[in-house]
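Chemist: after the sequence you'll find the predicted model.
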Amino acid sequence: MERPSPSTKSPSELGIPNVIYRWDLDKTYLRTDFDTFMSLVRTAFEDAEDKRTVPGAATLLRELRQSGHGRARICFISGSPRQMRKVLTEKLRLDGIEFDEFVLKPNLRNMLTGRFRALREQVGYKLPALLAGRAGVTAETREVCFGDDAESDALIYSLYGDLLAGRVDRTMLEQVLRSAGTYQDDAARTVSIFESLPHSEAVERVFIHLDRKSPPSKFDRYGERLVPIYNYFQAALVLFQDGRLEASAVVRVAVEMVDRHAYSIEALRNSLQDLLRRRRVRIDTVNSIGRAIADGAGERDLLPALGTLPGTRDLLRSLASGLRDLGPLSEQELGPPPETGPIDYLAALADLPRRHKRK
């Protein structure tokens, strides 16, 4: 009997993703306020139509889904309770967002079983969920993670990436889980999933949306892989530099922010200058995006069909001309380069807000 010949199709043709985009929801995709009890109650009873999207997030997600770099997988993992699944998925549908995985926290189960510490603790919830989501994924599949500065996303995503890369071993993982106050059964499950996964440099980028306006230097300890961002125009620029987005996608993110959210061209320019000063984008990246918009990508003008306000296109073209001709910043204008070396996760955990520590 003849053996079937191996498939000559690429992974993307077989439906296997070559990149996974993992997103938090609250304060990362949605403009959620739960800093007070009343705001938490109000958020819980909002309809899908009442929920507000962070400027640029919806366009960026749609562009990532449709990017020409193979099949992209979109996964949401949120600390919101499972009872909100219907309204949250409806909100994503209204925004035109397709997704492949949607993980919400079992808060009702935690309450009924007396696991009250788990209502607040994030490491023991998100980390095993991320690791479980990696099961069955090829080692070559890369990941880009999006979180915010309201919780412990920077630590969790960085730890997740270093676990997959083999830079953090079982002993350190157990110490982190114990220090985070993770319940013993959740910790054991986390370790078990971790030890079943192959090692690879899977997480190539982590974005932290500075919803609380935390100073970017607060995240220096996490190295170059993690980029704190004030808005999603900044994320789009970094993803363009990483080869994950085309110039036209960056333009569409910018147009949404200007047309629908009243961002000024000066605000976009300041956002770009901020990335340059922090050494998160290179000057050749800035010049390249400027040429693509001001001169057209090949023979294709990126601007005429974009924008609902008549002046938007002229403003963006003027901005692009400045970016095309922008020279490098001096050493005096540049900030220190991102830190290198291993991350001290126990120290990072100790620096989180008090409520994340074990009582």
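Modeler: Looks like it arrived, so ask away.
Chemist: return the distance of R279 relative to T285.
Modeler: Between R279 and T285 the computed distance is 12 Å (Cβ to Cβ, to the nearest Å). C-beta: built from backbone N, CA, C; applies to glycine.
Chemist: look at these two and report which has more neighbours.
Modeler: Set R279 next to T285 and count neighbours by other Cβ atoms under 10 Å: T285 wins out with 19 against 14.
Chemist: next helix or strand past the host helix or strand of K86?
Modeler: According to DSSP states H and E, K86 maps onto helix 85-94. Note on helix 85-94: by DSSP H and E, the next helix or strand toward the C-terminus is strand 101-105.
Chemist: name the strands paired with that next one and say parallel or antiparallel.
Modeler: strand 72-81 (parallel) (DSSP bridges).
Chemist: would you put the C-alpha positions of the partner strand in PDB?
Modeler: The C-alpha atoms that make up strand 72-81 are tabulated as PDB, following Å, rounded to 0.1, in the frame of the first residue of the first chain:
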ATOM      1  CA  ALA A  72      -3.300  35.400  12.200                       C
ATOM      2  CA  ARG A  73      -5.100  34.000  15.300                       C
ATOM      3  CA  ILE A  74      -6.800  36.500  17.700                       C
ATOM      4  CA  CYS A  75      -7.200  35.400  21.300                       C
ATOM      5  CA  PHE A  76      -8.800  37.400  24.200                       C
ATOM      6  CA  ILE A  77      -8.000  36.600  27.800                       C
ATOM      7  CA  SER A  78      -9.700  38.900  30.400                       C
ATOM      8  CA  GLY A  79     -10.200  39.100  34.100                       C
ATOM      9  CA  SER A  80     -13.900  40.000  33.500                       C
ATOM     10  CA  PRO A  81     -16.300  37.300  34.800                       C
END
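Chemist: which other residues reach it?
Modeler: 17-26, 29, 61, 64-66, 88, 92, 97-108, 122, 125-126, 129-130, 133, 151 (Cβ atoms under 8 Å, 6 or more residues apart in numbering).
Chemist: what about the closest residue to R280 other than its chain neighbours, which SS state?
Modeler: Leaving out its chain neighbours, the residue that sits closest to R280 by Cβ to Cβ, 6 or more residues apart in numbering is V227, at 5.3 Å. Classification of V227 using DSSP: H, G, I helix; E, B strand; the rest coil returns strand.
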